[in-house]
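Asker: coordinates only, no sequence provided:
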Ligand code: GDD
Ligand code: MN
């Protein structure tokens with residue numbers, strides 16, 4: 001047989017067709033799921049057979065070495081690929097990363113923790129391929145689904161309330177718009193990507209609400225199991241992320257979500273300021289200047305703490321020294337904001353603008369300054 005290099009491409013092509021070409025990419029967003037990966041890939045192979053699929057692990061730089069584990073698996077199994085993201089977080093944005101990194105005509109997203117049964121992928125793929133549905137959704141709330149094995153009645157309740165709200169607000173009609181297990185043509189996903197909010201965890205809802213023509217959805221009742229190892233990443237932030245996401249979809253283009261949160265924290269800070277001022281003057285009988293100084297530092301500290309907890313929860317400063325220097329730089333940033341505030345308000349007031357309006361414009365400009373400086377220097381990356 002002729003084994004010159006020229007004859008090899010056609011042999012390679014013959015091998016590719018006999019293996020079956022790539023049809024489905026399964027995106028596994030991961031955060032500390034090292035021990036779940038290998039067994040899950042075995043289960044996927046059990047469900048889909050040897051070829052025609054690939055797994056894309058999109059890992060947000062997990063501390064447990066999930067990325068390295070995915071690379072280790074990939075060395076002996078090229079169906080496994082890995083995208084390791086550094087300095088970025090989020091289930092939705094991880095899914096988006098996956099949509100854009102595959103050549104497979106169909107994509108599925110599922111939990112990496114074995115809560116979703118890969119066997120369902122077979123019917124989900126068949127229904128989307130045949131055109132019966134444009135999106136196949138594994139549902140926890142469809143007839144015949146079960147959550148008994150999940151063992152989380154609290155989350156079950158939260159999910160059903162969130163689903164109801166989501167249906168009302170977006171007009172999307174399906175039993176589980178918050179499901180983390182769904183399948184669709186990758187071209188559809190990529191077409192919608194530029195208009196997705198990409199925030200939080202509700203990527204399916206985001207896709208459905210973004211599409212201009214309603215997508216035809218088919219529900220697949222699933223048995224939502226307990227996670228195999230590790231703990232849920234969504235427990236703590238899920239309610240807040242959900243609300244932030246809804247806000248982002250409705251008003252986010254007018255006032256960005258983060259700035260809205262920053263502003264809300266600032267407004268609460270004014271209340272804290274007043275409370276401290278009152279306490280020091282009335283209860284401790286201190287003079288105004290001292291009380292005002294204490295109240296100013298107190299409210300700045302409160303704002304720093306709440307912004308660290310809420311507004312910048314995805315970049316939260318945790319180590320004691322980082323928190324300390326973050327607090328110092330927050331106070332420095334706010335002082336610059338306060339200077340801009342006073343300068344602008346005074347100028348406007350001098351030119352005849354009513355005191356109240358001049359003060360409001362000053363506060364507005366000061367807040368934008370505080371926001372810009374602190375998101376760059378306190379919670380930013382240098
Ligand atoms: N890359 C990345 N980045 N992956 C993440 C992140 C993140 O910030 N947060 C979570 N993940 C991964 C987890 O490692 C897991 O594979 C999957 O996303 C889902 O997270 P879980 O921690 O397993 O969430 P859950 O089981 O509590 O939440 C379930 O219900 C939600 C709706 O109520 C899941 O089914 C979710 O997919 C679903 O949206
Ligand atoms: Mn899970």
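Answerer: Looks like it came in fine. Just so we're clear, the structure is a prediction, and the values are computed from it rather than from any experiment. Numbering: from 1, shown residues only. Ligands and ions are numbered 1, 2, ... in the order given.
Asker: check contacts around whichever residue of the stretch 251-382 of the chain sits closest to ligand 1.
Answerer: Per CB to the nearest ligand atom, the residue of the stretch 251-382 of the chain with the smallest distance to ligand 1 is residue 314, at 8.1 Å. The way it works is simple: take the backbone N, C-alpha and C, and place the C-beta from them, glycine included. Contact analysis of residue 314 by CB atoms under 8 Å, 6 or more residues apart in numbering lists 89, 90.
Asker: so how far is residue 147 from it?
Answerer: Separation of residue 314 from residue 147 (CB to CB, to the nearest Å): 28 Å.
Asker: hey, where'd the helices end up in the protein?
Answerer: All helices of the chain, identified by DSSP state H, fall at 8-19, 34-48, 66-76, 91-99, 120-129, 153-170, 186-192, 203-210, 238-251, 257-278, 288-306, 320-350, 355-377.
Asker: now the last one and helix 288-306, what's the angle there?
Answerer: With axes from the mean of the first three to the mean of the last three CA atoms, to 10 degrees as the criterion, the two stretches helix 355-377 and helix 288-306 enclose an angle of 50 degrees.
Asker: for the closest residue to residue 133 other than its chain neighbours, grab the count of nearby residues.
Answerer: Spatially, and ignoring its direct neighbours in sequence, residue 133 is nearest to residue 218 (3.5 Å; CB to CB, 6 or more residues apart in numbering). By other CB atoms under 10 Å, the residues close to residue 218 number 18.
Asker: pick out the residue of this protein closest to ligand 2.
Answerer: Closest to ligand 2 within the chain is residue 111: 3.8 Å, counting by CB to the ion.
Asker: domains in the chain, by residue range?
Answerer: 19-251, 257-378 (automatic domain parsing).
Asker: export those to CSV and tack on mean pLDDT?
Answerer: Below are the domains of the chain laid out as CSV (pLDDT from 0 to 100):
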stretch, mean pLDDT
domain 19-251, 92
domain 257-378, 90
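Asker: tell me the most buried of those?
Answerer: The highest average neighbour count among these, using mean count of other CB atoms under 10 Å, belongs to domain 19-251 at a mean of 18.
Asker: now do that one: distance to the chain's middle.
Answerer: Centre-to-centre, domain 19-251 and its host chain are 12 Å apart (CA atoms, centre = their mean, to the nearest Å).
Asker: how near is the closest residue to residue 43 other than its chain neighbours to residue 27?
Answerer: Of all residues not flanking residue 43 in the chain, residue 118 sits nearest, at 5.1 Å (CB to CB, 6+ apart). Residue 118 sits at a distance of 13 Å from residue 27 (criterion: CB to CB).
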